[in-house]
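>>> Pasting the sequence and the predicted coordinates here, then a few questions.
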Amino acid sequence: MNLRIRRRRFGQLAIVSAVTAASAKFTSKVFAQDSEKLYGVTLSSASKSKTQDLVDATAANAIPGIILESRNPTTGQVLLTAEIAADSVTNSLETTETVAKALVVKKPSERITAFTVLPDNTFVIAAVASTKKGDFSRLISIAPPKKSEMKSPKGLKIKKTKDKKYSTVEGLLSTNIKGKQVLLGVISLAEGSPPFEFAFINLNSGQVDSSAATGLPNISPKLRLSNLAQSPLDGKIYATSAGGQGGLSLVQLDLENRAVVSGRGKIIRLVELSFKNKPLENDLASLAFSSSGQLFALADPKYEGTNSLFTVDIKTGAMTLVRKFAVDKILFARA
């Protein structure tokens, strides 16, 4: 395993550079304390270069190369940069359900679709490989770095059922429901497009459970639901919803007060998201709460080709630019 972490001195995570926030000025009241770390993940250059027309079903048994980065959310200072090389999944002997695609295009094969953190600060990343033989989701678990060292990641391919052979993992949230720690997932049944459904994912086996017995909310067939995030203050779970009537909305999941007829939880629309008084036209890349309860978004509302970090006002939906942050997903480590 090839793990590379750049560092200046022993006992300190690699400080690569100090990035100034010249484009935006925010007081420390807006952000969490300076010691809090904002993490971001993106694909390595080698994994980005793979195109789906050249990749087959063997991708189901491999995990892509990942770049893990952390920054001080107040100053933008880079605290850690680690490159984690591609590797194999631990359950490669499990049967891989394949399907021959009628149309294969020369587009990037790999994409990171979710990023969450377990109670012990282990990071879990979902990555999807689009290939000539179908799309395959894998989970990548990365133990929290200790001093200047990181352990090798653990890869796990998600099990598919024959009636859901086009499904992919599009969202993740490690959360506690009725005293039980679970991995909540958002599953696309059309390779990243609607319809979507909620499910519980077993982090040890890769098994997905989206049955009615879970009590998870139903998602309207025409809606795109993604970007799960949980407030550390009151435990409420948020997400984004796009499609149907209106633009991009911030929604809340109510898993306690279930509908009488279906016995499932509810999705409550809160507010439409906007930037500079204009509704957002495309979905966010990620949502994340700081320990102080500030909601952050990762997005590219101006189609610049690079994501940026924003604060989000939960009451109004207004987003305020913080700075550029060229990653695919973000989160804050648990306190």
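Ah, there it is.
>>> Let me see the ranges of the strands in the stretch 51-200 of the chain.
Ranges of strands in the stretch 51-200 of the chain, per DSSP state E, counting those that start in this stretch, are 62-63, 66-71, 78-84, 87-88, 110-117, 123-131, 134-142, 154-157, 168-177, 180-190, 193-201.
>>> where does residue 282 land on pLDDT?
pLDDT, the model's per-residue confidence, is 89 for residue 282.
>>> what about it, neighbour count?
12 (other Cβ atoms under 10 Å). No exception for glycine: its C-beta is placed from N, CA and C like everyone else's.
>>> Pick out the residue nearest the middle of the protein.
Compute the mean C-alpha point of the chain, and by Cα atoms, centre = their mean the closest residue is residue 114, 2.2 Å away.
>>> Run through the residues that contact that one.
Neighbour list for residue 114: 124, 125, 126, 169, 170, 171, 172, 185, 186, 228, 329 [criterion: Cβ atoms under 8 Å, 6 or more residues apart in numbering].
>>> Minimum distance to residue 247: which of the strands of the stretch 51-200 of the chain has it?
Across the strands of the stretch 51-200 of the chain, residue 247 has its closest neighbour in strand 193-201 (15.7 Å, Cβ to Cβ).
>>> Tell me the buried residues in the closest one?
Of the residues in strand 193-201, 194, 195, 196, 197, 198, 199, 200, 201 count as buried by neighbour count, 16 or more other Cβ atoms under 10 Å.
>>> Please apply the same query to stretch 323-330.
For stretch 323-330, the buried set under the neighbour-count rule, 16+ other Cβ under 10 Å, comprises 323, 325, 327, 328, 329, 330.
>>> What distance separates the opening and closing residues of it?
Across stretch 323-330, the straight-line distance between its terminal residues is 14 Å, by Cα to Cα, to the nearest Å.
>>> average pLDDT across that stretch?
If you average the per-residue pLDDT over stretch 323-330, you get 97.
>>> Residue 199 is in contact with residue 185, isn't it?
Yes - the pair residue 199 and residue 185 passes the contact test of Cβ atoms under 8 Å, sitting 4.9 Å apart.
>>> looking at the strands of the stretch 51-200 of the chain, which one has the lowest mean pLDDT?
The stretch with the lowest mean pLDDT among these is strand 78-84, which comes in at a mean of 91.
>>> Return the list of helices and strands in contact with it.
Contact partners of strand 78-84 among helices and strands, from 3 or more Cβ pairs under 8 Å, 6 or more residues apart in numbering; DSSP states H and E: strand 3-5, strand 66-71.
>>> Show me how far the longest one is from its chain's centre.
This points to strand 66-71. Taking Cα atoms, centre = their mean, to the nearest Å, the mean C-alpha location of strand 66-71 is offset from the chain mean by 13 Å.
>>> repeat for stretch 37-50
Going by Cα atoms, centre = their mean, the spacing between the C-alpha centre of stretch 37-50 and its chain's C-alpha centre is 12 Å.
>>> Check which residues of that stretch are buried.
By neighbour count on 16+ other Cβ under 10 Å, the buried set for stretch 37-50 is 37, 38, 39, 40, 41, 42, 43, 44, 47, 48, 50.
>>> Could you tell me the per-residue confidence at the fourth one?
Spelled out, it's residue 40. 97.
>>> Which residue, neighbours along the chain excluded, lies closest to it?
Excluding its sequence neighbours, the residue lying closest to residue 40 (Cβ to Cβ, 6 or more residues apart in numbering) is residue 327, at 3.1 Å.
>>> What of the first one?
In space, residue 37 comes closest to residue 70 once its chain neighbours are excluded; the distance is 4.5 Å by Cβ to Cβ, 6+ apart.
>>> Okay, now the unreliable bits of the chain?
Low-confidence regions of the chain, defined by pLDDT under 70, span residues 1-35, 145-149, 244-246, 335.
>>> for it, what spans make up the helices?
Assigned by DSSP state H, the helices in the chain fall at 45-48.
>>> and the gap between residue 91 and residue 167?
17 Å (Cβ to Cβ, to the nearest Å).
>>> ugh, wrong one, I meant residue 273
Relative to residue 167, residue 273 is positioned 27 Å away (criterion: Cβ to Cβ).
>>> what does residue 122 give?
For residue 122, the distance to residue 167 equals 24 Å [Cβ to Cβ].
>>> Neighbour count: those two, which is higher?
Neighbour comparison, residue 122 and residue 167: the larger count goes to residue 167, with 24 against 18 (by other Cβ under 10 Å).
>>> Isn't that one up against residue 185?
No - the pair residue 167 and residue 185 fails to qualify as a contact (Cβ under 8 Å) at a distance of 10.2 Å.
>>> which residues are in contact with both of those two?
Residues touching both residue 167 and residue 185 (Cβ under 8 Å, 6+ apart) are residue 208.
>>> re the thing from before, which pair in the buried residues of stretch 37-50 spans the largest distance?
Across those, the two members that end up farthest from each other (Cβ to Cβ) are 37 and 50, 29.7 Å apart.
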